[in-house]
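*Asks:* What would the 3D arrangement of this be:
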Amino acid sequence: MTPYDYIEAQQDAFLEQLKEWLRIPSISTLSEHKADVRHAAEWLRAHFMLMGMARAEVFETPGHPIVYAEWLGAPGAPTVLIYGHYDVQPVDDPARQWRSDPFEPVVRDGKLYARGATDDKGQTFTQMKAVQSLLATGEMPVNVKFMVEGEEECGSTNAYAFVEQHADLLAADVVVVSDSHILAPDRPSIVTGLRGMTYMEIEVFGPSHALHSGAYGGIVHNPAQALAEILAALHDGDGRVAVPGFYDDVAELSAGQRTALAKVPFTLERLEHETGLTAPWGEAGYELHERLGIRPTLEVNGLISGWTGEGSKTVLPDTALAKVSCRLVPYQDPLKIYRLVADRVAALTPPTVRSEVRLLHTGNWVVVDLDSPYIRAAARAYEFGFGAAPVYVREGGSIPIIGTFQKTLGTPAVLLGFGLPDDNLHAPNERFHLGNFHRGMKTAVHFYQQLGGRA
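*Replies:* Numbering: from 1, shown residues only. Sure, this is the predicted structure:
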């Protein structure tokens, strides 16, 4: 039996196993789910051993644990480090928009619906089952290590230190990450760049306590209003970030590079299909696909102030808070961007209130070498698994740990993603196309066969 035969024979069992993992609400950013996050890690460790891995261990960190597994039974063959994460986003976005329980996976129209279905349990599981299929048929051509963390959705704070402290343990020839998407089932793509991240809180403080808006409205500067005024001033009328120095280190692409990038345009039709919006917004002078991949941004991710419960309460709040993220491109420095934004907020803060900008976490941007033999192998694997040669794209999202792998381990990375743009990651009704789950396993198997000289 070949690994591909094994995938065919086991696909129903694989799906049920994935559902079992998805039922665990491993929401890393909410402290009340700490036990669930650990449960997901322990489940993963046990499953690695059931797969036939030689070693599987839960490593403690100051936060959520990291799961490591290895099979090193191919002396002289390349070693692959597969990275993923088992933590998931919260579901209150709002939860009422989910058509089914986010932690009771269901299949509808060939798609598996659950929180974490594509980000990242489903894609990590695709890699795990590809490895299992090779092990079970005695055809594993490479050495394999897994590092699966539990804090990617809240900043990977402890993963960076883990990589630095366990560089020898994690040493490999290539890092493989399945935490991205392709363009379509018939149009695979390889991500060649990811944006970095600076994530902050901006808080505005007003009176010493909440006030009656009738008794004090008109003579006290409302912190919610002051915050809105500050946030509005962080962009100009052309959609550019209005923070002095923000663009100083941005690497401008040449005309030729922009032409190459335009081979994968982001159309208005796609925008409407994925978002329900018909009118785009953003930085003037750049096409939609450029705004997503090669330009930095500043976005408000959340606003908190005053009374937000049912009904009315005429209150003048004492504070207002915004969660703000900046997506960064080569060669922006995340800490420098934080300082620039903090200085700008301070300059915009009127004397009637007080403001504070707090840095929550950062991540570096990533650029992949297109001439890497691993990228060429990935291209052939996609063509084998999906029936079409991939195109090369710059991704708007961030996977900060990849930069740490490259810097600390000196290891090139391949982003072998199997999600789709409309998978609703971080949103209600997250899903994973089962066709991509199936094709993804075959793609990963073919990739490892190439690395081991058996394709």
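*Asks:* can you map out the strands along the stretch 51-200 of the chain?
*Replies:* Assigned by DSSP state E, counting those that start in this stretch, the stretch 51-200 of the chain shows strands spanning 55-59, 66-71, 79-85, 106-108, 111-113, 143-149, 174-177, 189-194, 196-205.
*Asks:* Now do the fourth one: distance to the chain's middle.
*Replies:* Read it as strand 106-108. Between the centre of strand 106-108 and the centre of its chain there are 23 Å (C-alpha atoms, centre = their mean, to the nearest Å).
*Asks:* can you check stretch 85-104 too?
*Replies:* 16 Å.
*Asks:* picking that back up, take the strands of the stretch 51-200 of the chain and lay them out in a markdown table including mean neighbour count, distance to L415 and mean pLDDT.
*Replies:* Using the backbone N, CA and C atoms, a C-beta is placed for each residue, glycine as well. A markdown table is the format used below for these (neighbours: other C-beta atoms under 10 Å; distance: least, C-beta to C-beta, whole Å; pLDDT from 0 to 100):
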| stretch | mean neighbour count | distance to L415 | mean pLDDT |
| --- | --- | --- | --- |
| strand 55-59 | 15 | 24 | 98 |
| strand 66-71 | 22 | 20 | 98 |
| strand 79-85 | 24 | 10 | 98 |
| strand 106-108 | 13 | 27 | 98 |
| strand 111-113 | 22 | 22 | 98 |
| strand 143-149 | 25 | 15 | 98 |
| strand 174-177 | 24 | 5 | 97 |
| strand 189-194 | 23 | 4 | 91 |
| strand 196-205 | 22 | 15 | 97 |
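*Asks:* nearest to V264, of these?
*Replies:* strand 189-194 (6.9 Å; C-beta to C-beta).
*Asks:* Adjacent strands (with direction) for that closest one?
*Replies:* strand 366-367 (antiparallel), strand 391-395 (parallel) (DSSP bridges).
*Asks:* quick one: it to chain centroid distance?
*Replies:* 13 Å.
*Asks:* before we move on, the earlier item: F432 is nearest to which of the strands of the stretch 51-200 of the chain?
*Replies:* strand 111-113 (4.8 Å).
*Asks:* between the strands of the stretch 51-200 of the chain, which gets nearest to R394?
*Replies:* Of all the strands of the stretch 51-200 of the chain, strand 189-194 comes closest under C-beta to C-beta, at 4.2 Å.
*Asks:* related to what we said a few turns ago, out of the strands paired with strand 189-194, which is closest to Y6?
*Replies:* Taking C-beta to C-beta, strand 391-395 is the member of the strands paired with strand 189-194 nearest to Y6, at 30.2 Å.
*Asks:* From the rest of the structure, what touches the next helix or strand along the chain from that closest one?
*Replies:* Remark: after strand 391-395, the chain's next helix or strand is helix 401-404, criterion DSSP states H and E. By C-beta atoms under 8 Å, 6 or more residues apart in numbering, the residues outside helix 401-404 that reach it are 83, 149, 152, 156, 159-160, 163-164, 175, 177, 194, 196, 363-366, 413, 415.
*Asks:* Tell me the helix or strand right after helix 401-404.
*Replies:* Past helix 401-404, the next helix or strand by DSSP H and E is strand 413-415.
*Asks:* so what does that following strand touch, helix or strand wise?
*Replies:* When contacts are defined as 3 or more C-beta pairs under 8 Å, 6 or more residues apart in numbering; DSSP states H and E, strand 413-415 packs onto strand 174-177, strand 189-194, helix 373-386.
*Asks:* mind checking how far the least confident helix or strand in the chain by mean pLDDT is from the chain centre?
*Replies:* Sorted by mean pLDDT, DSSP states H and E, the helices and strands of the chain end with helix 255-261, the least confident at a mean of 75. For helix 255-261, the separation from the chain centroid amounts to 26 Å (computed by C-alpha atoms, centre = their mean).
*Asks:* Pull out the buried residues from that helix.
*Replies:* For helix 255-261, a neighbour-count test (16 or more other C-beta atoms under 10 Å) marks L261 as buried.
*Asks:* How about residues contacting that helix?
*Replies:* Counting by C-beta under 8 Å, 6+ apart, L253, H289, E290, G293, I294, Y392, V393, R394 sit against helix 255-261.
*Asks:* In these, which residue is surrounded by the most others?
*Replies:* Compared across the contacts of helix 255-261, G293 has the highest neighbour count, 25 neighbours, by other C-beta atoms under 10 Å.
*Asks:* OK, contacts around that one?
*Replies:* Applying C-beta under 8 Å, 6+ apart to G293 gives the contacts G193, R195, L261, V393, R394, E395, G396.
*Asks:* what about the closest residue to S325 other than its chain neighbours, distance to E139?
*Replies:* Spatial nearest neighbour of S325, excluding adjacent residues (C-beta to C-beta, 6 or more residues apart in numbering): Y199 at 4.8 Å. To E139, Y199 is 43 Å away according to C-beta to C-beta, to the nearest Å.
*Asks:* Which two among the contacts of helix 255-261 are spaced furthest apart?
*Replies:* Farthest pair in the contacts of helix 255-261 (C-beta to C-beta) is E290 and Y392. Separation: 14.6 Å.
*Asks:* quick one on the thing from earlier: how about the helices and strands packed on strand 413-415, which one is nearest R327?
*Replies:* strand 189-194 (9.3 Å).
*Asks:* residues in contact with the closest one?
*Replies:* The contact list for strand 189-194, computed with C-beta under 8 Å, 6+ apart, reads 180-183, 264, 293-294, 330, 365-368, 370, 375, 378-379, 382, 390-395, 397-399, 402, 414-415, 417.
*Asks:* cool, stretch 223-240 as well?
*Replies:* With contacts defined as C-beta under 8 Å, 6+ apart, stretch 223-240 is touched by 202, 204-206, 241-243, 247, 281-285, 298, 300, 303, 305-306, 317-322, 324, 341, 344-345, 348-350, 352-353, 355.
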